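A.B. asks: Any chance you could fold what I've pasted below:
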Amino acid sequence: MTVRIGYFPHNNSLFVLRHRGIVERTLPDVEWVDLRALPETSRADVKTALPSLHSDWLFEDGGYDVIGTGFTPPVTALANGRDIVYLGISGPRIENGRLVAKAGNGIETVADLKGKRVGIAHGSWQTTLLLFALERAGLGWADIEPVDTDVNGGAALLNGDLDAWVGAYPGLAAIEAQAELHTLVDTESLFSHPSLWFTRRDFAEGNREALEAILTALQESDAWITENPRAAAQYFVDDIVARGGTADLDAWEAALRGRPFGIDPVSESFLDEQQHAADLLAANGLLPRTVQVRGAVLPWISDFVASTRNATAVG
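C.D. replies: Now for the predicted structure:
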């Protein structure tokens with residue numbers, strides 16, 4: 001049986017695992033599916049919906065069986081009726097990014113964003129961060145002008161096309177070097193912002209050995225990243241250069257050093273955050289309905305992840 005693993009650079013763990021050959025030791029028939037090569041199955045209106053690309057391809061021929069993303073996609077999947085289960089989470093990525101404005105542009109607090117253009121990678125953790133920030137300021141999604149932007153968000157902020165932007169490292173570092181930025185809200189004060197991994201329920205229940213092999217390989221690969229952040233950073237730089245771009249190895253190494261690695265079982269605090277996000281996204285019209293996220297937990301998976309985490313720590 002071919003096991004399909006989706007990967008892209010935004011999930012650092014799976015991207016590095018793709019290059020390490022660890023999974024293939026126990027699963028010789030592995031197909032790595034680059035998410036960037038898949039056609040978009042939906043394009044959401046940033047004002048009224050969330051894109052469902054990640055979960056769509058879990059259920060499509062030519063897609064994948066296991067994927068790792070940021071905070072928002074599993075909630076989107078569940079709200080769109082996808083039968084997924086959580087595999088595990090990383091530690092908090094509190095230094096990964098923040099909501100910023102250019103210093104001196106008159107925006108001093110999140111409350112000042114009313115009616116303003118705010119750039120996000122829509123459908124990612126950035127949507128949740130922005131919505132959590134707006135909630136704290138007594139605002140909602142309808143009070144701002146959200147703009148779906150990713151790689152060009154920093155440039156749009158600098159040239160005035162955006163009033164604020166949720167930036168992530170290492171890209172945020174390049175913008176910090178060009179202009180003085182004002183932090184409207186950091187990540188740590190809002191939510192834990194972990195990386196996370198999920199799969200289809202049918203795959204988890206019918207392919208337990210394969211799933212356990214993937215999770216074990218992730219633990220081993222993440223331990224290697226922790227010990228070899230510069231070598232891991234080189235994978236990302238090489239990929240960018242191969243695609244015609246430029247990348248700074250030092251910036252990528254710094255970004256990886258600032259992120260937690262290792263897969264933990266889903267926790268009650270994480271599930272509370274996911275539930276809050278699901279309720280808030282639905283209330284703001286970005287999801288068709290809210291969901292009960294604890295229905296996406298299989299206890300045996302959490303038990304297995306905990307055992308591999310402990311084994312990695314002991315080793």
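A.B. asks: any idea of the mean pLDDT in stretch 161-177?
C.D. replies: Stretch 161-177 shows a mean pLDDT of 91.
A.B. asks: in that stretch, what counts as buried?
C.D. replies: 162-173, 175 (16 or more other C-beta atoms under 10 Å). In short, each C-beta sits where N, CA and C put it, glycine included.
A.B. asks: same check, this time on stretch 259-278
C.D. replies: 259-266, 270-271, 273-278.
A.B. asks: again, but for stretch 183-198
C.D. replies: 184, 185, 187, 190, 191, 192, 193, 194, 195, 196, 197, 198.
A.B. asks: Skip the chain neighbours and tell me the closest residue to the first one.
C.D. replies: Excluding the flanking residues, the one nearest residue 184 by C-beta to C-beta, 6 or more residues apart in numbering is residue 99, at 4.6 Å.
A.B. asks: do the fifth one as well
C.D. replies: What sits nearest to residue 191 in space, not counting adjacent residues and going by C-beta to C-beta, 6+ apart, is residue 273, at 5.1 Å.
A.B. asks: Now residue 284: closest residue in space, sequence neighbours ignored.
C.D. replies: Going by C-beta to C-beta, 6+ apart, residue 284 has residue 141 as its nearest residue, at 4.0 Å.
A.B. asks: Just the strands from the stretch 201-315 of the chain, written as ranges.
C.D. replies: Counting by DSSP state E, counting those that start in this stretch, the stretch 201-315 of the chain has no strands at all.
A.B. asks: where does it have low pLDDT?
C.D. replies: 312-315 (pLDDT under 70).
A.B. asks: show me what contacts the most centrally placed residue in the chain?
C.D. replies: Centroid check for the chain by C-alpha atoms, centre = their mean gives residue 70 as the closest residue, at 1.7 Å. Residues counted as contacts of residue 70 (C-beta atoms under 8 Å, 6 or more residues apart in numbering) are 10, 11, 124, 125, 126, 193, 195, 196.
A.B. asks: looking at it, the last one is touching residue 72, isn't it?
C.D. replies: No: contact status for residue 196 versus residue 72: not in contact, 10.0 Å apart, counting by C-beta atoms under 8 Å.
A.B. asks: what are the phi and psi values for the residue nearest to residue 74 when sequence neighbours are not counted?
C.D. replies: Nearest non-adjacent residue to residue 74, counting by C-beta to C-beta, 6+ apart: residue 198, 5.2 Å away. Per-residue torsions, residue 198: phi -150, psi 170 (degrees, to the nearest 10).
A.B. asks: Could you do residue 143 as well?
C.D. replies: Per degrees, to the nearest 10, the backbone of residue 143 is at phi -90, psi -10.
A.B. asks: Am I right that it is in contact with residue 112?
C.D. replies: No: counting by C-beta under 8 Å, residue 143 does not reach residue 112; the two are 11.2 Å apart.
A.B. asks: Give the buried residues for stretch 231-239.
C.D. replies: Taking 16+ other C-beta under 10 Å as the criterion, stretch 231-239 shows 232, 233, 234, 235, 236, 237, 239 as buried.
A.B. asks: Wait, the third one touches residue 249, no?
C.D. replies: Yes: counting by C-beta under 8 Å, residue 234 does reach residue 249; the two are 6.6 Å apart.
A.B. asks: quick revisit: OK, contacts around the residue nearest to residue 74?
C.D. replies: Per C-beta under 8 Å, 6+ apart, neighbours of residue 198: 58, 66-69, 73-74, 77, 84-87, 296.
A.B. asks: can you list the domains in this protein?
C.D. replies: Domain segmentation of the chain under automatic domain parsing yields 3-92+194-314, 97-186.
A.B. asks: Next, the distance between the ends of the shortest one.
C.D. replies: This points to domain 97-186. 7 Å (C-alpha to C-alpha, to the nearest Å).
A.B. asks: before we move on, the earlier item: now do the same for the residue nearest to residue 74: its pLDDT.
C.D. replies: 96.
A.B. asks: From residue 6, how far out is it?
C.D. replies: Computed as C-beta to C-beta, to the nearest Å, the residue 198 to residue 6 distance reads 11 Å.
A.B. asks: Mind listing the shared neighbours of those two?
C.D. replies: 58, 66, 67, 68.
A.B. asks: Which ones among those lie within strands?
C.D. replies: 66, 67, 68 (DSSP state E).
A.B. asks: what number of residues lie near the last one?
C.D. replies: So that's residue 68. Per other C-beta atoms under 10 Å, the neighbour tally for residue 68 reads 27.
A.B. asks: For it, list the residues it contacts.
C.D. replies: Counting by C-beta under 8 Å, 6+ apart, residue 68 has contacts 6, 7, 11, 13, 14, 195, 196, 197, 198.
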